[in-house]
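Participant: Pasting the sequence and the predicted coordinates here, then a few questions.
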Amino acid sequence: MTPSSQALHLKALGARILNEANDLKRTPEALAAELGIESSLVHRVIEGRADLTSALDLLHAMTNKYPISLADIWLDEDDTVDGVKIMSAAETAGSSRVFERRDSHGGKSPYYDYRDTAMSRLAPFKPEWIEELRVVSNDDPDNPDVAYNNGHFLHQTTFFIGPVNFYWDLQGKRHCAEMNTGDSNYITPFVPHSFTSRDPNNLGLIIAITYAGQVGRARRELSAADVDALNAEAGDLRGVNPFLHRLDRHLNAESLSPEELRARLVDAGHNEQSFTEILAGRKEPTYLEIALVADALAVRPQDLVAANMTRGEEVVVKRRDIDLGRNFPDNNNPAYRLVELARTKHQPKLKGFDVTVNGEEGSPFQHSLHEYVYNYGDDEVHLHWHGGHSKTLAPGDSAYIRPMIEHGFARKAKSEAGKLVMIRVPGQLTDDVFDEFAAFEISGRDRVARETRRWF
């Protein structure tokens with residue numbers, strides 16, 4: 001923790017405490033009186049002029065006194081340098097840990113070499129460098145030398161380097177795909193899977209990026225809910241009509257029966273027979289009919305729309321050789337060649353690319369997603385970002401880039417084009433968050449991230 005980063009952290013904590021005090025309708029003086037803390041200390045904490053211990057003492061006093069959660073008001077210190085954090089290949093190698101799995105002889109032998117790559121406490125993902133130590137001679141998904149895991153809570157997208165077999169198990173049926181450099185996949189949470197190498201002289205490697213998604217950020221509330229009630233409320237996207245599950249949740253929230261909704265629609269002059277069929281699940285609604293239902297419930301049409309998941313969409317495999325890629329920013333300025341990695345409509349903000357860095361200038365990227373990059377090529381690549389920062393990513397180096405940070409990559413003069421795997425995933429800055437923020441009174445938007453005044 002540098003002095004400058006500590007000062008920024010304390011100011012951010014102070015602003016967050018003021019924001020929570022406003023929500024509780026307490027002035028700093030009221031907080032001090034009710035918590036038994038000197039008013040001058042409360043003011044110093046809010047202004048970011050107290051030390052971290054004093055700020056923590058005030059936070060704990062507030063959570064002990066008021067019905068608020070420490071998780072909702074604590075802010076982690078930014079561990080990046082103006083939005084970027086880099087991990088060197090040497091640091092990655094230093095994190096190596098080898099895990100054994102059962103083999104066909106009934107014993108245990110090395111299976112994976114796990115190594116950390118660039119991570120940040122601000123990021124939602126946990127990217128790992130994983131070497132496949134188990135070598136197989138076929139693509140049999142039931143090979144006794146293949147050790148499937150139990151699946152995990154995190155979404156996973158994987159980039160393959162070298163000859164790697166990818167295995168997965170869906171509803172008891174096992175599958176295997178022979179993957180090579182540039183291939184990629186997406187794996188839905190809790191799908192058992194595994195990876196092995198095919199060449200003992202050229203062990204395969206994967207870059208596995210796992211992240212928790214929106215469900216992960218709701219774990220506190222999920223942990224207090226009944227599993228059966230959750231299943232009933234969510235339904236199954238593999239079902240025939242996910243629209244009805246969405247509609248049921250809105251009806252429950254509105255304490256409105258389907259019959260009362262139908263009456264509202266009929267009273268508004270809409271076709272009774274059509275909506276009787278829709279609400280009974282015997283007819284798929286058109287977008288216009290969804291819009292009419294949404295209007296009757298004072299919600300947006302998109303609040304009632306959910307995409308079906310077909311069997312097999314739990315796992316997506318993308319081959320590198322079927323996609324020639326595209327130039328970015330455009331064909332007149334081909335600073336990068338982008339080949340899209342595995343995509344799924346059920347995680348629309350998951351964006352992966354196999355990036356060829358052609359330019360020496362480094363045209364900028366800027367977006368609202370968390371970004372991870374790993375240099376899997378043989379040449380150095382320069383990373384530059386706002387504030388005049390610049391670092392060299394040697395082969396095996398990796399970097400994390402915070403949302404909305406302008407950044408770019410450039411190859412060294414007279415060197416070969418750089419090769420990066422780039423993965424972008426959403427954090428808490430979702431479309432719903434941006435839509436809600438966009439509706440705020442413009443003059444007060446600067447107070448969202450850093451509260452600066454009392455509510456009166």
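Facilitator: Now that the structure is in, tell me what you want to look at.

Participant: need the contact list for residue 401.
Facilitator: Applying CB atoms under 8 Å, 6 or more residues apart in numbering to residue 401 gives the contacts 83-84, 370-373, 385, 407. C-beta coordinates here come from the backbone N, C-alpha and C atoms, glycine included.

Participant: which residues in the stretch 301-450 of the chain form strands?
Facilitator: 315-318, 326-330, 333-340, 351-357, 364-365, 370-375, 381-385, 389-393, 398-401, 407-411, 418-425 (DSSP state E, counting those that start in this stretch).

Participant: how about the ones you listed in JSON lines, adding distance to residue 169 and mean pLDDT?
Facilitator: As requested, the strands of the stretch 301-450 of the chain are arranged in JSON lines below (distance: least, CB to CB, whole Å; pLDDT from 0 to 100):
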{"stretch": "strand 315-318", "distance to residue 169": "10", "mean pLDDT": "98"}
{"stretch": "strand 326-330", "distance to residue 169": "35", "mean pLDDT": "95"}
{"stretch": "strand 333-340", "distance to residue 169": "26", "mean pLDDT": "95"}
{"stretch": "strand 351-357", "distance to residue 169": "23", "mean pLDDT": "98"}
{"stretch": "strand 364-365", "distance to residue 169": "37", "mean pLDDT": "96"}
{"stretch": "strand 370-375", "distance to residue 169": "27", "mean pLDDT": "99"}
{"stretch": "strand 381-385", "distance to residue 169": "37", "mean pLDDT": "97"}
{"stretch": "strand 389-393", "distance to residue 169": "36", "mean pLDDT": "97"}
{"stretch": "strand 398-401", "distance to residue 169": "30", "mean pLDDT": "99"}
{"stretch": "strand 407-411", "distance to residue 169": "38", "mean pLDDT": "96"}
{"stretch": "strand 418-425", "distance to residue 169": "24", "mean pLDDT": "98"}
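
Participant: In TSV, list those along with distance to residue 306.
Facilitator: TSV is the format used below for the strands of the stretch 301-450 of the chain (distance: least, CB to CB, whole Å):
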stretch	distance to residue 306
strand 315-318	19
strand 326-330	30
strand 333-340	24
strand 351-357	21
strand 364-365	31
strand 370-375	25
strand 381-385	37
strand 389-393	40
strand 398-401	31
strand 407-411	34
strand 418-425	21
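
Participant: Residue 52 is nearest to which of those strands?
Facilitator: Within the strands of the stretch 301-450 of the chain, the stretch nearest residue 52 is strand 398-401; the backing value is 23.9 Å (CB to CB).

Participant: Return the list of strands paired to the closest one, each annotated with direction.
Facilitator: Within its sheet, strand 398-401 is paired with strand 84-87 (antiparallel), strand 370-375 (antiparallel), according to DSSP bridges.

Participant: can you list the residues that contact the longest one?
Facilitator: Around strand 370-375, the neighbours that count as contacts under CB under 8 Å, 6+ apart are 117-118, 122-125, 127, 129, 159, 207, 209, 355, 365, 381, 383, 393-403, 407, 409, 418-427.

Participant: Likewise for the shortest one?
Facilitator: Under the contact criterion CB under 8 Å, 6+ apart, strand 84-87 has outside partners 79, 116-120, 383, 385, 389, 391, 393, 397-402, 405, 407.

Participant: now do 10 Å
Facilitator: Outside of strand 84-87, the residues within contact range by CB atoms under 10 Å, 6 or more residues apart in numbering are 78-80, 95, 115-123, 127, 129, 371, 373-374, 383-387, 389, 391-393, 396-402, 405, 407.

Participant: Same question for stretch 307-316.
Facilitator: If you take CB under 10 Å, 6+ apart as the criterion, stretch 307-316 is touched by 156-157, 166, 168-171, 175, 177, 184-191, 193, 236-243, 341-348, 350.

Participant: in that stretch, what's buried?
Facilitator: 309, 313-316 (16 or more other CB atoms under 10 Å).

Participant: Quick one: end-to-end distance for that stretch.
Facilitator: Using CA to CA, to the nearest Å, the gap from the first to the last residue of stretch 307-316 comes to 16 Å.

Participant: just to revisit the earlier point, what's the closest of the strands of the stretch 301-450 of the chain to residue 27?
Facilitator: Ranking these by their distance to residue 27 (criterion: CB to CB) puts strand 370-375 first, at 36.6 Å.

Participant: can I get the CA coordinates of the closest one in PDB?
Facilitator: What follows is strand 370-375, C-alpha atoms only, in PDB (Å, rounded to 0.1, in the frame of the first residue of the first chain):
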ATOM      1  CA  HIS A 370     -13.000  -6.300 -16.800                       C
ATOM      2  CA  GLU A 371     -10.100  -7.400 -19.100                       C
ATOM      3  CA  TYR A 372      -7.400 -10.000 -18.800                       C
ATOM      4  CA  VAL A 373      -4.600 -10.500 -21.300                       C
ATOM      5  CA  TYR A 374      -1.800 -13.100 -21.500                       C
ATOM      6  CA  ASN A 375       1.100 -13.000 -23.800                       C
END
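
Participant: Could you check the angle it makes with strand 351-357?
Facilitator: Put simply, strand 370-375 runs at 40 degrees to strand 351-357, going by axes from the mean of the first three to the mean of the last three CA atoms, to 10 degrees.
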